[in-house]
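> Below: sequence and its predicted model.
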Amino acid sequence: MLSHLSKIFSLWAGLLICPILAFSQRFLPISIPVFTVDSVKMEYGFCGGMNAPQFSTVDLNGDGIEDLFIFDRVGSSVYCFIRRTRDTTTQWEWAPQYEVCFPELFDWVALRDYDQDGVMDIFASSSTSQGPPGVEVYHGRRSEGKLSFERLSFEYGTFDILHYEYAPGKYVNIQVDAPDYPAIEDFDGDGDMDLLTFEPLGGYVYYYRNTDVEDGNPLGTFHFVLEEQCWGKFWESGFSSEIFLSPDSTRCYQESWQVEPRHAGSTLSAWDADSDGDLDLWVGDLTSSHIVFLRNDGRAGAHAWMRYQDPNFPAYATPVMMDIFLASFGIDVSGDGLRDILVAPNAKYNASNTYNVWYYRNVGRDTSPHFVLESKAFLVGEMLDLGSGAHPAFVDYNADGLIDIVVGNDFYYQPSGVKRSALMLLRNVGTASQPAFHIEDSDWLGFSRFSEGLDGTWSFAPAFGDLDGDGDVDLLVGEVNGGLFYVENTAGPSQPFAYDTIIRDYFHLRALRNAVPAIVDLDRDGLADIVLGSRQATNDQQGFACGNFFYYHNNGTVGNPQFDPDPHAGSNTPCLGRLILQNIRRFGSKVYSAPSFYSTASNSSILLLFAGTNSGIFVIQAGTNPLDSFPIMAANYGALNEWDRLHPAVIDIDSDGILEMLVGNARGGLRWYKTTLRVDGSWTSTTEPKQERVSIEMYYSPRSTLHIKSTSPLTLFLRDLQGKLHSVKRLKEGSTSLYLPSLPAGIYIATACTKEGVCTTQRIWVVH
């Protein structure tokens, strides 16, 4: 038995060990025009959409004027906009060239100049990046006109996060949960940054005072104390967003009246709205579609007292009313020197995902602000935004010689809870060298009707290919339950599409939910096969994780395609290419794989698979045998600083001989990128990316020793077959041998990942 298992381990080691080219060059988005149904140009059409944006100001170009930085917690994406003034009116110019300056960030981000050197610094969540729920800090600097950021390390604690001193010489991390948004401001007016956040599982607000100035330490030393455990003297209900104010400026709202713990999830925004020397507060809550305004009638610092509240801010005008769990940001949007307010959802899921950035302009004065609703779609109204999720596919639907786009989405949010999904047709109204797109139909082929009713489905992902071999291009559409719609094109070759009846549940083919199809003749037998991306990692017949793509072989003939729904039958496999691409550290078994194939023009035998995942985009050399291991040519291709449900589609859209990549994301948006691949499959010479060969080797010896060799630092995760995490170890580059006698006897999964997301997996059998 031991000998047999050793052979299995050796086989898997051989399948998984291969050199991977990790391309470190970050691609910049390129601008291609897109026009609305009414033929109005969208200012930020292919900017990427927004679902849960967070707003800060920053001087991006060093001209002394505050520009706009936006972080969206959905997809962990960054946007930069330069402030321009034209005819005394502020206009915002999308400036993606500055996005590459910012590090990889997650969950929540706030820019503040903590050391007062004129360059904004970054405060951000540590929950995803490091593990503990807390605050990490990046110091910003400008050198030769370029912005850069470096994460700070601290003398206390294991992680690079902020702590507070709870007893002399004893420290614990300042806990800010990932779903929350804290207020980071100078609350006591002494020149250093303090912090407000709700207590863990409670209804009071904790005030962490920074004592850098009082202690005579340099700004950025960050010595915190928990100064006040009911800042503002108010308490938030555990069952609703209702806030109870204390009638006494010296007493907290009585804890004896508290009858239940508070739910997790609140956002805070603080600034001095009435110029009385103390900071007022805006509160968003997990259960609320409103923002609550609290006026501070106390004093600065720990002596705040919230004496007045507006639970439907602003009650005197058009109150905020948007689903759900909102955050607010005090930003001078108009450029008149007064803070305006932006409000957007803070929830990643099941919240308003279109027309979801409300802009309230301050038309009052410093001492008496007055907010008027200017827009319900600040910036995002000028973007191509399909709500949540975007799944693009290329096709010349009208046979005019120009490539058009069909995009499916996961869903448009509906207050009723019904998820409305549709296909959008973007017609190319440009030229072969200068493409431009027009929204021709926002519900192409009426696919939204399939998301209605008790059997409604959503998450539509289109793919085009000649499934029946008659010379024209047919349509497959994946859906959330893992099945497929099929629509035959009856027009014939080189004719505008003529679609027949839409067939649901095509051949009963399945992925593990969220089917994302591709039509490709993988084995070169002249018949189009089907590859399906899937939400979950796939398993072989022994139950072991074996890949991220299903392959269904076409068993029919020209004109009569046939498929067996059993993923293990015949040439079918749920383990196409033995490709395991998910980043287990961040996303567990969910990968949301999205395949897009490209066959090179000069050599049709060269087939590239561009795979979208939750861990970036992979470029893979696809073989003709689905059971072979496909070599990964590039991991995290383009280093897009974009995560969560990426869906690439590649084509030479401007006829310059170099491929462009259109990437859909979880926010329902799309971005174009110029790649570093020519149409013949070779790398371009003008923008050749830096190539760093990352090699990971891992094998397990019968004496309970795991051997790892890598050219890059690694994080090693050990899980049992139920997914329970038993150990996390950080390993330096080079060779390491780990003796594992402390683990209970059994089979485990060892996964070693670089920081770029390149991973190798090995099964190990611990025997005592």
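That came in fine, so what should we check first?
> For stretch 623-636, which residues meet the burial criterion?
G623, P626, S629, F630, I632, M633, A634, A635, N636 (16 or more other C-beta atoms under 10 Å). C-betas here are computed from N, CA, C, even on glycine.
> ok, now stretch 484-496?
For stretch 484-496, using 16+ other C-beta under 10 Å, the buried residues are L484, F485, Y486, V487, E488, N489, A491.
> swap in stretch 299-307?
A300, G301, A302, H303, A304, W305, M306, R307.
> ok, so of the buried residues of stretch 484-496, who is nearest P415?
Distance to P415 across these (C-beta to C-beta) is lowest for F485, with 26.8 Å.
> and that closest one, what does it touch?
With contacts defined as C-beta atoms under 8 Å, 6 or more residues apart in numbering, the neighbours of F485 are F447, F450, F460, L475, L476, V477, E479, I502, I503, R504, Y506.
> Could you do A518 as well?
Counting by C-beta under 8 Å, 6+ apart, A518 has contacts A463, G465, I530, V531, L532, G533, P595, S596, F597.
> Please identify which pair of the residues you listed lies farthest apart.
The span of the contacts of A518, defined through C-beta to C-beta, is set by G465 and G533 at 15.0 Å.
> So between those two, which is more surrounded?
G533 (29 against 20; other C-beta atoms under 10 Å).
> Thought S596 was touching the more buried one, still the case?
No: judged on C-beta atoms under 8 Å, G533 makes no contact with S596 at a distance of 9.3 Å.
> Quick check: neighbours shared by the two?
Common neighbours of G533 and S596 (criterion: C-beta under 8 Å, 6+ apart): A518, A611, G612.
> quick check, nearest of these to A377?
G612 (26.9 Å).
> Any idea what that closest one is bridged to?
Under DSSP bridges, the beta-bridge partners of G612 are A594, I617.
> quick one: which of the shared contacts of G533 and S596 is nearest to T354?
G612 (22.3 Å).
> In contact with the nearest residue to T457 once chain neighbours are set aside, which residues?
Once flanking residues are discounted, T457 sits nearest to E479: 4.4 Å by C-beta to C-beta, 6 or more residues apart in numbering. The contact partners of E479, by C-beta under 8 Å, 6+ apart, come to S421, F450, T457, W458, S459, F460, A461, F485, A515.
> please redo it, this time with the cut-off set to 7 Å
T457, W458, S459, F460, F485, A515 (C-beta atoms under 7 Å, 6 or more residues apart in numbering).
> cool, and V78?
Counting by C-beta under 7 Å, 6+ apart, V78 has contacts F71, E99, F102, N641.
> In strands, which of those appear?
Among those, the members falling in strands are F71 (criterion: DSSP state E).
> Any of the contacts of A518 buried? List them.
A463, G465, I530, V531, L532, G533, P595, S596, F597.
> What is the nearest of those residues to Y206?
Using C-beta to C-beta, these come closest to Y206 at G533, 43.6 Å.
> Any idea how many residues pack against P168?
5.
> quick one: it from G45, how far?
Taking C-beta to C-beta, to the nearest Å as the measure, P168 falls 58 Å from G45.
> Please enumerate the strands of the stretch 301-450 of the chain.
For the stretch 301-450 of the chain, the strands defined by DSSP state E, counting those that start in this stretch occupy 306-310, 326-331, 340-345, 358-362, 371-375, 388-395, 404-411, 423-428, 437-441.
> Tell me the helices and strands packed up against the third one.
Packed against strand 340-345 by the contact rule (3 or more C-beta pairs under 7 Å, 6 or more residues apart in numbering; DSSP states H and E) you find strand 326-331, strand 358-362.
> ok, and which of the ones you listed has the densest surroundings?
Highest mean neighbour count among the helices and strands packed on strand 340-345 (mean count of other C-beta atoms under 10 Å): strand 326-331, with a mean of 24.
> Would you format the shared contacts of G533 and S596 as a markdown table with distance to Q91 and pLDDT included?
Formatted as a markdown table, the shared contacts of G533 and S596 follow (distance: C-beta to C-beta, whole Å; pLDDT from 0 to 100):
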| residue | distance to Q91 | pLDDT |
| --- | --- | --- |
| A518 | 41 | 98 |
| A611 | 38 | 97 |
| G612 | 33 | 96 |
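> Out of those residues, the closest to A183 would be?
G612 (36.0 Å).
> isn't that closest one right next to A649, touching?
No: counting by C-beta atoms under 7 Å, G612 stays clear of A649, with 9.1 Å between them.
> Could I get the contacting residues of N572?
Contacts of N572 (C-beta under 7 Å, 6+ apart): Y551, Y552, H553, D564, D566.
> For I161, which non-adjacent residue is closest in space?
G134 (3.9 Å).
> let me redo that: F717
Spatially, and ignoring its direct neighbours in sequence, F717 is nearest to T751 (4.7 Å; C-beta to C-beta, 6+ apart).
> still on that earlier bit, local confidence estimate at the residue nearest to T457?
pLDDT for E479: 98.
> measure it to F597 for me?
Distance from E479 to F597, counting by C-beta to C-beta: 21 Å.
> Please name the bridge partners of the closest residue to L627 other than its chain neighbours.
Leaving aside its sequence neighbours, L627 sits nearest to T573 (C-beta to C-beta, 6+ apart; 5.9 Å). Assessed by DSSP bridges, T573 has beta-bridge partners Y551.
> Can you give me the neighbour number for T573?
Residues near T573, counting by other C-beta under 10 Å: 23.
> For it, list the residues it contacts.
Per C-beta under 7 Å, 6+ apart, neighbours of T573: Y551, P567, P626, L627.
> Can you tell me, leaving aside adjacent residues, what's nearest to the third one?
Spatial nearest neighbour of P626, chain neighbours left out: Y551 (4.4 Å); criterion: C-beta to C-beta, 6+ apart.
> Just give the number of residues close to the one you found.
23.
> what's the spacing between it and P574?
8 Å.
> what do you get for Y308?
Taken as C-beta to C-beta, the span from Y308 to P574 is 60 Å.
> now swap in A634 and tell me
A634 is 24 Å from P574, by C-beta to C-beta.
> How about I696?
From I696 to P574 the distance is 24 Å (C-beta to C-beta).
> what do you get for V343?
44 Å.
> Compare neighbour counts for the two and give me the winner.
The neighbour comparison of V343 against P574 (other C-beta under 10 Å) goes to V343, with 28 against 23.
> Surely the more buried one is in contact with F325?
No: applying C-beta under 7 Å, one finds V343 not in contact with F325, separated by 11.4 Å.
> follow-up on the earlier one: for the helices and strands packed on strand 340-345, which one sits closest to R510?
strand 326-331 (38.1 Å).
> Can you tell me the closest non-neighbouring residue to L467?
Closest to L467 by C-beta to C-beta, 6+ apart is D474, at 4.6 Å.
> Might you report the residue contacts of Q229?
Per C-beta under 7 Å, 6+ apart, neighbours of Q229: E199, Y204, Y206.
> Then T354?
T354 neighbours (C-beta under 7 Å, 6+ apart): D385, G387, Y412.
> ranking these by neighbours, who comes first?
So for the contacts of T354 (other C-beta under 10 Å), the most neighbours sit at D385, 28 neighbours.
> And that residue, how far from L646?
In terms of C-beta to C-beta, D385 sits 16 Å off from L646.
> Same question for T221.
With C-beta to C-beta as the criterion, T221 and L646 are 39 Å apart.
> Which one's more surrounded, these two?
More crowded of T221 and L646, by other C-beta under 10 Å: L646, with 27 against 16.
> so what's that one closest to, chain neighbours aside?
Using C-beta to C-beta, 6+ apart, the closest residue to L646 is G612 (3.9 Å).
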